[in-house]
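>>> can you look at this prediction? I've put the sequence above it.
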Amino acid sequence: MITKAQAWRWALRGVAALLLAPIVISLSFNFYQPPTTAVMLRRSVQRSLEGKRPRYPRRDVVRRDAIAPSLRRAVLAAEDDRFYLHWGLDLVEINKAIERAERGGRLRGASTITQQVAKNIFLWEGRSFVRKGLEAYLTLVLELTLPKERILDLYLNLAEWGDGTFGAEMAARRHFGVSAARLSPEQAARLAAILPSPRRWSPMGGVASRRAVIILDRMRYAAPRD
């Protein structure tokens with residue numbers, strides 16, 4: 001029969017294992033790209049239920065030098081221009097979002113690129129407090145175990161860019177018929193423009209066209225680092 005003390009010990013060991021496992025996994029991302037993500041697995045199930053082919057989303061992982069610098073800048077301009085200034089949780093943007101909501105505006109997220117990597121790789125869909133707490137912890141783990149440039153590499157190779165399309169290389173080939181290395185600044189801006197809703201928006205659609213103008217303007221300046 002298990003005593004109360006033994007049960008507590010097993011529970012503490014379980015919690016410790018859950019906290020340590022993401023650290024070990026995250027450290028391994030210094031050397032290789034995750035073979036799949038939670039988002040890709042969800043999309044695979046959805047595609048199977050909808051009878052789509054291929055069932056598993058398409059992705060072609062490429063090195064940093066095989067992605068146009070303009071796409072890196074466009075993604076930062078569109079999604080997280082303060083990427084180099086925060087530790088995964090952008091308190092400045094969070095405060096701005098809260099202030100907008102207090103003035104009667106719609107409460108918008110202030111999700112950083114690191115948070116998106118954490119969600120894409122590890123987490124399920126939803127908005128519960130448990131999920132948000134795990135997201136914050138996983139975000140800090142990624143920031144502590146990986147260089148900023150590596151986090152951006154991960155993001156560019158796992159971001160969703162359309163139905164069944166993941167990663168910069170597959171996105172460039174599907175939408176523009178070129179490799180990620182050969183994307184023009186305008187094409188890069190259009191890809192970055194659809195990241196908030198890649199399965200609804202087209203890079204050549206009206207929403208992307210309007211957003212790309214703003215992104216291209218921001219791309220003229222280097223992402224702030226200090």
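All right, it came through fine. Residues are numbered from 1 along each chain as shown.
>>> and the next element down the chain from the worst-scoring helix or strand of the chain on mean pLDDT?
Taking mean pLDDT, DSSP states H and E as the measure, the chain has helix 91-102 as its least confident helix or strand, at a mean of 72. Following helix 91-102 in sequence order, the next helix or strand is helix 113-122 (DSSP states H and E).
>>> hmm, who's touching that following helix?
Here helix 113-122 makes contact (CB atoms under 8 Å, 6 or more residues apart in numbering) with 22, 34, 37-39, 75-76, 79-80, 83, 88-89, 111, 134-135, 138-139, 141-143, 151-152, 154-155, 158-160. In short, each C-beta sits where N, CA and C put it, glycine included.
>>> may I have it as PDB, with CA atoms only?
The C-alpha coordinates for helix 113-122 follow below in PDB (Å, rounded to 0.1, in the frame of the first residue of the first chain):
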ATOM      1  CA  ILE A 113       7.800  35.100 -31.900                       C
ATOM      2  CA  THR A 114       9.200  33.000 -29.000                       C
ATOM      3  CA  GLN A 115       5.700  32.500 -27.600                       C
ATOM      4  CA  GLN A 116       4.500  31.400 -31.000                       C
ATOM      5  CA  VAL A 117       7.400  28.900 -31.200                       C
ATOM      6  CA  ALA A 118       6.400  27.500 -27.800                       C
ATOM      7  CA  LYS A 119       2.800  27.200 -28.700                       C
ATOM      8  CA  ASN A 120       3.400  25.700 -32.100                       C
ATOM      9  CA  ILE A 121       5.800  23.000 -30.800                       C
ATOM     10  CA  PHE A 122       4.300  22.100 -27.500                       C
END
